[in-house]
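Engineer: sequence below, structure please.
(3 chains)
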Amino acid sequence: MSATTMLDSAAEFDVRDYLRAEMMPHFLCPGCGHGIALRALLWAVHELAIDKDRLAVVSGIGCAGRLSAYIDASTFHVTHGRPIAYATGLALARPDLHVIVITGDGDCLAIGGNHLIHACRRNLKLTCLMLNNEVYGMTGGQVSPTTSETRVTSTTPLGNSEPHFNACALAAAAGAGFVGREVTHHVPKLKELIKAGLAHPGFAFVEVMTDCTEIFGRKNEMGSSAEMVLRQKSELRPSAYRDTVDMPFAAKDLPTGILARNDRPEYGEAYRRAAVAIKSAADNPAAGRKSRQ
Amino acid sequence: MNAIETAPAASMQLISGNHACALGAIAAGCRFFAGYPITPSSEIAERLSRGLPEVDGVFVQMEDEIASIAAVIGASMGGVKAMTATSGPGFSLKQENLGYAAGAEIPCVIVNVMRGGPSTGMPTRPAQGDIMQARWGSHGDYPIIALAPASVREIYTETIRAFDLSETLRTPVVLLYDQVIAQLTETVELGDAGARGRAAAAERKWASGPRESYRPYAVDEDGIPAMSRPGAGYRVHTTGLNHAEDGFPTQNPEAVARNLGRLLAKFERHRDLIDSWQALACEDAEVVIVSIGISARAAIRAVAMCRARGVRAGLFRPVTLWPFPQAALREATAGARAVLVPELNAGQLSLEVQRILGDRPVDAIHRYNGEPITPAEIAERASSLIDTTGAGSAKAPGVRRAR
Amino acid sequence: MRDATDDAAVRAVDSATVRQPTNVLIVGVGGQGVIMISKALAWLAQSQGFEVKQSEVHGMAKRGGAVFSHVRFGPEVWSPTIPKGEVDILVALEWAEGLRWLPYLKPDTGIFICDTKRIVPPFACLNRHPGAPLRYSRETPAEVRAHVLEAYAIDATRMAEELGNDRAANVVLLGAVSTAMDFPVADWERAVTEFVPKKTIAVNLKAFGLGRGWIDDARRGTPAALEAEPVFATPRAPADTPYNVRLEITPGWCKSCDICVKLCPERCLQLNSERIVELAIPEACTGCRLCEWLCPDFAIRVHLDSVQDMVAAQAGARQ
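Structural biologist: A predicted model of the protein is given here:
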């Protein structure tokens, strides 16, 4: 996108057109990066001209899970760890909807890890936006599957000694059709990444590195909200991202952008094609295998 | 034995209980199934993997039990009639999300083919150990409906009724039957039932009118809020948090009490629709046997055996297990001197029966070794209750346990 | 290109008769492959029996910074660098970098071969007012050709993209350069093969052929080559249209996190006595929208009102 068209889009996009005004202000802490990620998502929705009436947002439990309530769309705030599974049912039953999952690092990778890897494998058209703030914020700042080593949390008082997940490597290894990562600092870039994910025909996994300023930042003496945003530029976290499985992840400490992409068949389409075959076999039992009692 | 099967042989089919369940689901309008393999319910999934695409429905085998119920609720939130099937261990895993469906009032049907427990238990042996789990398995206070068919044909009709109740009342409905009936193959005639099922297939109450005046959980006359379908322009929020009439989370005590109060009371106004039972020879019975599923089938034979030896026995079989048809039970046992509850667990149905009958004596046969209770055992115990209590008023032996 | 019929290229590198070294200056931006084609050229020249000196400056800037490389070869070469006005062939992988080095070209005989690829450096965007003109060269290829005897503006990056690997643009240019020297084509290709990554040899050989063919076409004045010249998009410039920046702040949504205050490039925001954001120095605000984008609470909306809008709004208010 050229500089001028980006300016046009920015002038035209008013995030409030996509928010439920009666729910604002939202309940997130001051400086929480999730709000910035939500803006980027809604901007991407706007630029793709997705009809709000056709937009379904499914979210899990935790700070990220609460975001769905603020979006002017059909929104479903479901159980902890399960938004991808709910969204799978919704998207399969209603292929006419545009289904987006908003989840957090604990929701998606700990309690919901099984659903994530199988959704990647199945490759049903869904966009999964995982907001990674390295911590369980809502429950008081406990260590999460993505907390960097040595970080202090409510349950790692002497610093985390568990290695953390590289969510994008995990999703790519599980076969996700689209994998990308971005920080909140560069909103237009983040918007473009989410847009590419939304436009992808299969399962798209987008990890957004966001700042938990009130709890994680405070415990780890990372400064004010503004300092944490600036830190995204100077000190890419977490450094151990380099240690993972695949070469796209080896180059930099925290690679961003589109990290993996494939064009495996989309599950819903593949299923509907197979269903046609089953139907015609049923209508014409002589031609196919015995199918009806 | 075939008192339950009274249908004349018009177009007979020889099918299993699980097969009948799959056929009933499709007849009821089910167009989405998500499941995970588990004995002894897997045949339902197998049947629907072929049956659903034939009617433009969707079958998906999910990665686990939790994902299965989650996908079912997700599909139902999209406006499609949806079902999953499982057995005890899987039913336990589904409980949190079952509570979600109850709280957010999302229709769905969950089949639980009961097997031995606890834990992995005895996968290929019958049990009736999930009676209480079906009612109280999820946390917090919530209403739920559970149906307990006792024959292949009844599995078919009750599956249809499960969908109808689920859609009409916006609630999860549990279909509870045991391994014996699930894998029992019987000759049944489904033509009439199927036609009736289709003709009567209930539709959810859908939102209509302008978006501005729509309240997703409005308290209206029948206590059942109109649901909105994504894509219909209402753009509402659905949450497992306690919510107000507008669907958004609230901790306001009055708003929570109003919505939860409506939810907990919503079945009371619809008991005529929900309650279902079979009272066999209870009018003059001195001993009433209360039982479900395979144990009830044994009890039918036991009633005949008792009557043959001069003991006036009757059977009360709740077809709707939850909410329990308690008025009907009181009526059926009004003239009885003794009540006997044979069941394949260590005491679940008998607890509810005792609760309803208060101080009245309730005896029970409890078995949990994987073997069904035989008609002879029931008949013997029923007869002994009459013998021991003599001609006068029954004394209260309380619940006695076998083994 | 007007002199396409002249055999300037051969004249420039007539190494048999001139003892002066041939001077090739290759310039571009970090990451484009300036050094790689320099080394290929130096290696080739040496293999042809010449004395070669190659000196480069890189790493002053990281990826994205200016890079240049002097390649001199001939019967004897003394100085490692080329004096101003002595470059026989100036090869530029980036448009503005090419223009920057034009004074080094021999005024009468120098050949200029330049990719029209534009990589706008951050310092060309110092004015953050929306639509403000970039401080990037505005010269068009036609204007450059008017001043240089033999100049080729070649869209090498696009040609390489069409081959499926935009990183082969430097070898497209190397193909173009090859037309100006009478080394055998097979030797050029050997040089390419020697220096490009093993997996990309095939695509780079194709790129080399494309560049070489493009110059031949251009010399013959083939219209296709001329039409392929890219039109530089000139930003619509509201800089000419006066506008007013207006910040719409929703005080009830602001949570005083101070991200906007600390990250505003103009430092024109502050928290007021109630710790709600406000625009303290309106005249400094460029309307860059960073505050709007980074506000996690959606409390800021930036409006850019043109004068017409403002007049209309005032007229509306009066009515």
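Engineer: any idea how chain B splits into domains?
Structural biologist: Following automatic domain parsing, chain B resolves into domains at B:12-200, B:279-389.
Engineer: deepest-packed of those, please.
Structural biologist: domain B:12-200 (a mean of 23; mean count of other C-beta atoms under 10 Å in any protein chain shown). To be clear about C-beta, it is placed using only N, CA and C from the backbone, and glycine gets the same treatment.
Engineer: any chance of the domains of chain B in TSV, with mean pLDDT too?
Structural biologist: Shown next, in TSV, are the domains of chain B (pLDDT from 0 to 100):
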stretch	mean pLDDT
domain B:12-200	93
domain B:279-389	95
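Engineer: of the ones you listed, which is nearest chain A?
Structural biologist: domain B:12-200 (3.0 Å; C-beta to the nearest C-beta).
Engineer: surely A:Ala119 touches A:Lys125?
Structural biologist: No. Contact criterion C-beta atoms under 8 Å: A:Ala119 and A:Lys125 do not qualify, at 10.6 Å.
Engineer: ok, these two, which is more surrounded?
Structural biologist: Neighbour count, other C-beta atoms under 10 Å in any protein chain shown: between A:Ala119 and A:Lys125, A:Ala119 has more, with 29 against 20.
Engineer: wondering if the strand or helix carrying that one reaches chain B at all.
Structural biologist: In the assignment (DSSP states H and E), A:Ala119 maps to helix A:113-122. Yes. Helix A:113-122 reaches chain B (C-beta under 8 Å from any C-beta of the partner chain) through A:Asn114, A:His115, A:Ile117, A:His118.
Engineer: pretty sure C:Asp108 sits against C:Glu150.
Structural biologist: No. C:Asp108 is beyond contact range of C:Glu150, at 10.1 Å (criterion: C-beta under 8 Å).
Engineer: of these two, who's got more company?
Structural biologist: C:Glu150 (23 against 8).
Engineer: and for that one, nearest residue in space, chain neighbours not counted?
Structural biologist: Nearest in space to C:Glu150, with sequence neighbours left out and distances taken as C-beta to C-beta, 6 or more residues apart in numbering or on different chains, is C:Ile111 at 4.7 Å.
Engineer: start to end distance for stretch A:21-31?
Structural biologist: 20 Å (C-alpha to C-alpha, to the nearest Å).
Engineer: quick check, that stretch touching chain B?
Structural biologist: Yes. Shown here: stretch A:21-31 in contact with chain B (C-beta under 8 Å from any C-beta) through A:Glu22, A:Met23.
Engineer: ok, how many other residues are close to the residue lying closest to A:Phe216 once chain neighbours are set aside?
Structural biologist: Excluding the flanking residues, the one nearest A:Phe216 by C-beta to C-beta, 6+ apart is A:Val135, at 4.2 Å. A:Val135 has 28 neighbouring residues, counting by other C-beta under 10 Å.
Engineer: so who does residue 219 touch?
Structural biologist: No chain was given, so I picked chain A. A:Gly141, A:Arg151, A:Val152, A:Thr153, A:Ser154 (C-beta atoms under 8 Å, 6 or more residues apart in numbering or on different chains).
Engineer: you looked at the wrong chain, it should be chain B
Structural biologist: B:Pro225, B:Glu245, B:Arg258, B:Asn259, B:Arg262.
Engineer: list just the nearest of those residues to A:Ala110.
Structural biologist: B:Asn259 (31.0 Å; C-beta to C-beta).
Engineer: check the gap between the closest one and B:Thr168 for me.
Structural biologist: Noted for B:Asn259: a distance of 19 Å to B:Thr168, by C-beta to C-beta, to the nearest Å.
Engineer: name the SS class of the residue lying closest to A:Arg121 once chain neighbours are set aside, please.
Structural biologist: Using C-beta to C-beta, 6+ apart and skipping residues adjacent in sequence, the residue nearest A:Arg121 is A:Gly175, 5.0 Å away. A:Gly175 carries the three-state label coil when classified by DSSP: H, G, I helix; E, B strand; the rest coil.
Engineer: so who does A:Gly175 touch?
Structural biologist: Shown in contact with A:Gly175 (C-beta under 8 Å, 6+ apart): A:Cys120, A:Arg121, A:Asn123, A:Asn262, A:Arg264.
Engineer: 7 Å - rerun?
Structural biologist: A:Cys120, A:Arg121, A:Asn123, A:Arg264 (C-beta atoms under 7 Å, 6 or more residues apart in numbering or on different chains).
Engineer: backbone dihedrals for the residue in the stretch 101-250 of chain B positioned nearest to chain C, please?
Structural biologist: Nearest residue of the stretch 101-250 of chain B to chain C: B:Phe248, at 17.3 Å (C-beta to the nearest C-beta). Taking degrees, to the nearest 10, you get phi -90, psi 150 for the backbone angles of B:Phe248.
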